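S.K.: What follows is a predicted protein model with its sequence.
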Amino acid sequence: MRTALAGLAAERLVQFVPYRGARVSALSIAEIEDLQALRGALESEAVRLLHERHGTRWPDTVLAPIEASIATLEAAEHGGDWLTITRAHAAVHTALVAASSSERICEAHEGLISETLLLLHGVRAHYPAGSLAAEHREYLREIQSGDGALVRVHLAHTTALIRASRDVT
């Protein structure tokens, strides 16, 4: 049990509270902003590398895994529970980073997956069925023709939705 809790703590999913034990982490707005800033740095660098290698016309070998992850997200939205949808959503961003072929960026991004899943749980109310896949198809089109700055805009939108959800409660 201690080993399992230590693993969850390493992923920042559990926090140890002195004299009380372990509790599930709840990301503060500041922690969400920090996480999104780090994701933005990694994902925008991945996009920069893709533009450096391929310009605005990414080859099918680069696009296919990203498009497949968006198709998986779409399928999840039409029949999956929110955890399945959240994992598929995170997988779209992971596929984008993987397309950069940067081992270090991929490794650093992978280390954020658990916290990203926790973060994405907070946007559920803002996305009716089918809207996440559609948003990410448009996002992929935009980043191919734009630059890494669009990554930060995309992530800032998610952060704003979470912040608004917390202001309401």
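M.R.: Cool, the structure landed. Residues are numbered from 1 along each chain as shown.

S.K.: Report the mean confidence score over the helix ranked longest in the chain.
M.R.: Ranked by number of residues, the top helix in the chain under DSSP state H is helix 29-54. For helix 29-54, mean pLDDT rounds to 93.

S.K.: ok, then the element right after that helix?
M.R.: Per DSSP states H and E, helix 29-54 leads on to helix 60-77 as the next helix or strand towards the C-terminus.

S.K.: which outside residues touch that next one?
M.R.: Helix 60-77 has contacts (C-beta atoms under 8 Å, 6 or more residues apart in numbering) with 50, 54, 84-85, 87-89, 91-92, 94-96, 98-99, 129-133, 136-137, 140. C-betas here are computed from N, CA, C, even on glycine.

S.K.: Could you point out which residue ranges in the protein have low pLDDT?
M.R.: 4-16, 23-26, 147, 167-169 (pLDDT under 70).

S.K.: which residue packs closest to residue 82, ignoring adjacent ones?
M.R.: Nearest residue to residue 82, sequence neighbours excluded (C-beta to C-beta, 6 or more residues apart in numbering): residue 124, at 5.4 Å.

S.K.: Pull out the buried members of the contacts of helix 60-77.
M.R.: Among the contacts of helix 60-77, those buried by neighbour count (16 or more other C-beta atoms under 10 Å) are 50, 85, 87-89, 91-92, 94-96, 98-99, 132-133, 136-137, 140.
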